[in-house]
Every structure is written in C-alpha cells, then in structure tokens.
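Student: Sequence first, predicted coordinates after that:
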Amino acid sequence: MTTKTGDPGVPANYDPAQFPAFAVTVDMVILTMSQGRLHVLLVRRGVAPFAGKWAIPGGFKRPTETLDEAAKRELVEETGVDSASLLKQFGAYGDPGRDPRMNVVTIAYLAVLRDVGSVVAGTDAADAQLIPVSQALNGKIDLAFDHARIVRDAVERVRLDLELTGIATAFVGPTFTVAELRAVYEAVWGVQLDGANFRRRVVTESGWVIPTGRRARPGSTGGKPAELFRAGRMWKQGGPIRHPQSPDRGKGSQ
C-alpha cells in the first residue's frame, strides 16, 4: 500500500527499523586572523573517543533543531563564542568508520571570526586554543577523527572563495586598513603580494573600499597612522584580487 499523490502521510507498510540507524553531527572549522597569521580554533577532547586529542568543535544534532541551530549551539557550548561574521556549510563527511562509536555523518561548517576574544572550553572539551593552520595541516598536531581532512577542505574553500566572493572582509573589522586586508590574502594563500599593486586594486578602483575619514591608532614604531576604510558594495559581486598563479591573473592579479 502506498499513499496517494500529494499525501504527506507515512505509507502503512513503512518500517523504519528496516533501515540502518546513523547519527548526524555538526563540526565547525573556525578560522580567524591573529598576529598576521591564519589560525583555527581547536578544542582538546575531554572524553572518549580520542580523549586528549585536538579536534574541531562540534557535536550531535538534536532531533528538534535544524543543522544551523545545532552549529550555533555547539559553537557557544564548546568555545564560548556566540557570534561569527560568517557561518556556512561547506561539506558533508560520512565514510564508514570515521567515528568508532557508530555510523556518523557530519555536516561541516566554516565559521570566520573577526575577533575571537576570550575562548572558553565547555561541555566535553578540556581546552580550547587558537592554533596556526599550518600546524594543523602539516601533521605536527594529530587531530581526532577525520578532522585534518575537514580543516584542509575548509582552508581550500577559503582559498578559492577569496577570488570569487567577499569572504576577505569577514576576517577584518567593520573598519580596517589596507595592510590588514592584504594580510588576509597573504595568510590564506601563503604568498607575498606587492603592497602598491594591492592598494591600487582595492582603493583606486571604485566600489571596493570606502574611506572613513579616520585613521588607525598610532603604532609602536611611530609614523603617520594608516587610513581606515570600510567595505563597499562591490564585494557582493566577488573579489578584486586574483591569486598570483591563477589562470586569469591577467584580469588583475595582486
């Protein structure tokens, strides 16, 4: 027996027990800039499996919440961070055996924070710290589960999105200097960009950044404080900078 067309009811002969059970989790790769370097927020697991190992924050989705609600809740519970300038899904991982407890499918989120502030480990996390992405990807830190793969995929997504979207502005504050913006590209891509060319692309071409008429606080070395800008409307259409090795670098690289 089957339901009629348009009938949202469950078929009379439908038995959920005929299908294998599995759990759904949400995991978050939280990226931020710190001291000119790209960092990822990791938590040290306080419970088995992988007790004592570093991992990206995450947890099981509750039956009554959406995926986005679960991600926001886990972000607060495990790190004390209650907001992100960007939070979006970027992948799903369900390889058999990725979790020794049971069959678990995880939905991976990318979160970008402008200012992490005070990071507090909570619930089943024993510690929470900002770790340079390079250390998380070069094998110096042994991450739990398949989290090394998830972090690598997230960073690659950001590397691509720098050319295609306005994600660069998610790493800086509401106002920023050109040097701070350039540092995002250099940290994510692992390159050094020409400062004059970068400024010409984002400042002299209308729509990317807008002068605020204010300047940053004076640095410890003295000199004239840098001018502060805010993001313009053009970021909604993409990004002004192409990767130096991009095939279309002739359209305005660096």
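Tutor: Received it, and whenever you're ready, just let me know what you need. Not measured: the values here are computed from a predicted model.

Student: Surely V116 is within a strand?
Tutor: No. Remark: V116 does not belong to a strand; assigned using DSSP: H, G, I helix; E, B strand; the rest coil, it is coil.

Student: I'd like the distance from it to V151, if you could.
Tutor: V116 is 16 Å from V151, where distance means CB to CB, to the nearest Å. Where you see a C-beta, it was placed from the backbone N, CA and C, and this is true even at glycine.

Student: Confirm that E69 sits in a strand.
Tutor: No. Counting by three-state DSSP, E69 is not part of a strand but helix.

Student: Give me the neighbour count for it.
Tutor: Neighbours of E69 under the rule other CB atoms under 10 Å: 13.

Student: and if you look at the one 10 residues further on?
Tutor: Applying other CB under 10 Å, we find 25 other residues in the vicinity of T79.

Student: Next: G213.
Tutor: The local packing of G213 (other CB under 10 Å) involves 7 other residues.

Student: could I have the helix or strand hosting it exported to CSV, CA atoms only?
Tutor: Assigned by DSSP states H and E, G213 belongs to strand 209-215. Provided in CSV are the C-alpha atoms of strand 209-215 (Å, rounded to 0.1, in the frame of the first residue of the first chain):
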residue,chain,number,x,y,z
VAL,A,209,36.7,50.1,-0.1
ILE,A,210,35.3,53.4,1.1
PRO,A,211,37.4,55.9,3.1
THR,A,212,36.0,56.6,6.6
GLY,A,213,38.0,59.8,7.1
ARG,A,214,39.6,58.3,10.2
ARG,A,215,42.9,56.7,10.9
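
Student: Can you point out the buried residues in it?
Tutor: For strand 209-215, the neighbour count (16 or more other CB atoms under 10 Å) marks V209 as buried.

Student: Distance from it to the middle of the chain?
Tutor: On the basis of CA atoms, centre = their mean, to the nearest Å, strand 209-215 sits 27 Å off its chain's mean C-alpha point.

Student: neighbouring contacts of that strand?
Tutor: Outside strand 209-215, the residues within contact range by CB atoms under 8 Å, 6 or more residues apart in numbering are 175, 178, 181, 202-203, 224-232.

Student: Looking at these, which is nearest A51?
Tutor: Nearest to A51, judged by CB to CB, of the contacts of strand 209-215 is L181 at 40.3 Å.

Student: how far away is the closest residue to that closest one other than its chain neighbours from G190?
Tutor: Excluding its sequence neighbours, the residue lying closest to L181 (CB to CB, 6 or more residues apart in numbering) is V172, at 5.8 Å. Distance from V172 to G190, counting by CB to CB: 19 Å.

Student: Could you do I30 as well?
Tutor: I30 is 20 Å from G190, by CB to CB.

Student: buried stuff in stretch 164-177?
Tutor: Residues 165-172, 175-177 are the ones in stretch 164-177 that count as buried (16+ other CB under 10 Å).

Student: Farthest pair within those?
Tutor: Of all pairs in the buried residues of stretch 164-177, the most separated under CB to CB is T165 and T177 at 21.2 Å.

Student: who touches L67 in this structure?
Tutor: Counting by CB under 8 Å, 6+ apart, L67 has contacts 24, 26, 61, 89, 107.
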